[in-house]
Structures are given as C-alpha cells and as structure tokens.
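Q: Any chance you could fold what I've pasted below:
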Amino acid sequence: MTPSPNHRIRNTSTELQQAAQNLRKNPTPAEAVLWQALRAKKLDGFKFRRQHPIGRFIADFYCSQCKLIIEIDGEIHDEQQDYDAARTLEIEQFGVRVIRFSNDEILGNLTAVLEEIRQALVD
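A: Sure, this is the predicted structure:
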C-alpha cells in the first residue's frame, strides 16, 4: 500500500514535525518570495502548504489537490545532485510529482517560475 501524502503528520516523527515548523519560521529569501506568490490560493486558486512533511522528508511546497511538490534548490544542491535525485525518486513513490527551481530562478524570474508551476498543476 502506498502511503498517502495528504496526511501531513501521520507516520512522521516528532523531530520531523518540529523541523518543519522551524523551517516555516525561518524561510530562505527565495522561499519567502515564492510563498508570497502561492499563499492564500493566489495562484489560480490552488492551495499550497509550505514545509510539508512527507515520508521522512520535508517538501518546500506541496499542493495536495494536484499532488505536486515544489523544491527550491540553493547552492548546496549543486554538490548533492545524486542525493536530490534519490530523494525525488523516494518521494515520487507517494504518488506525487516533484519539480525543482533554483534560488536564482525564483529571485530573478518569478513570472517564468509561476508559469511553469501553472503548467505542472494542470498536466
């Protein structure tokens, strides 16, 4: 049976829940910018959660309606591409799709990022 990504807290540890809360309190600049564009159903009426626990990971942004995760990659991700690929494969086992953007993409061309997210929401 595939675990359901709709249950944020179920099957997650107390430590993971606390880590998600801490991440919500201390967003990166790119996370803050994207959150302002996504929060309160601002993007075509789709509801997003931020720092959403799923399995043993925390997704940067999650839309349960479309089963879509948005990950924001900072500079450290240049050095951990193999880890990120393995993480994405494991998350996809929950029946969700993962799309990734760099900090630079979000901070430099938010309009293009939002258009790509719109496409992913309806695909």
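Q: Sketch out the low-pLDDT regions of this protein for me.
A: Filtered on pLDDT under 70, the chain yields the residue ranges 1-11, 76-79.
Q: mind listing the strands for it?
A: 49-54, 57-63, 68-73, 97-102 (DSSP state E).
Q: From the rest of the structure, what touches the first one?
A: Contact partners of strand 49-54, identified using C-beta atoms under 8 Å, 6 or more residues apart in numbering, comprise 5, 8-9, 12, 16-17, 20-21, 23-24, 27, 31, 35, 38-39, 58-64, 69, 91, 94, 96. All C-beta spots, glycine's among them, are computed from the backbone N, C-alpha and C.
Q: repeat that for 6 Å
A: With contact meaning C-beta atoms under 6 Å, 6 or more residues apart in numbering, strand 49-54 is reached by 5, 8, 12, 16, 20, 23-24, 35, 58-59, 61-62, 94.
Q: out of those residues, which are buried?
A: By neighbour count, with 16 or more other C-beta atoms under 10 Å, those hold 5, 8, 12, 16, 20, 35, 58-59, 61-62, 94 as buried.
Q: Taking those residues, tell me the two that lie furthest apart.
A: Comparing all pairs in these by C-beta to C-beta, the longest separation belongs to 35 and 94, at 22.1 Å.
Q: re earlier: wait, which of the strands of the chain is closest to residue 122?
A: Distance to residue 122, taken as C-beta to C-beta, is lowest for strand 68-73 among the strands of the chain, at 10.2 Å.
Q: now for the closest one, which elements pack on it?
A: On a contact count with 3 or more C-beta pairs under 6 Å, 6 or more residues apart in numbering; DSSP states H and E, strand 68-73 meets strand 57-63, strand 97-102.
Q: could those be laid out in a markdown table, adding distance to residue 120?
A: As requested, these are arranged in a markdown table below (distance: least, C-beta to C-beta, whole Å):
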| stretch | distance to residue 120 |
| --- | --- |
| strand 57-63 | 9 |
| strand 97-102 | 5 |
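Q: if we can go back for a sec, need the buried ones among the contacts of strand 49-54 in TSV (columns: distance to residue 75).
A: Shown next, in TSV, are those (distance: C-beta to C-beta, whole Å):
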residue	distance to residue 75
5	28
8	28
12	28
16	24
20	22
35	20
58	19
59	20
61	19
62	23
94	27
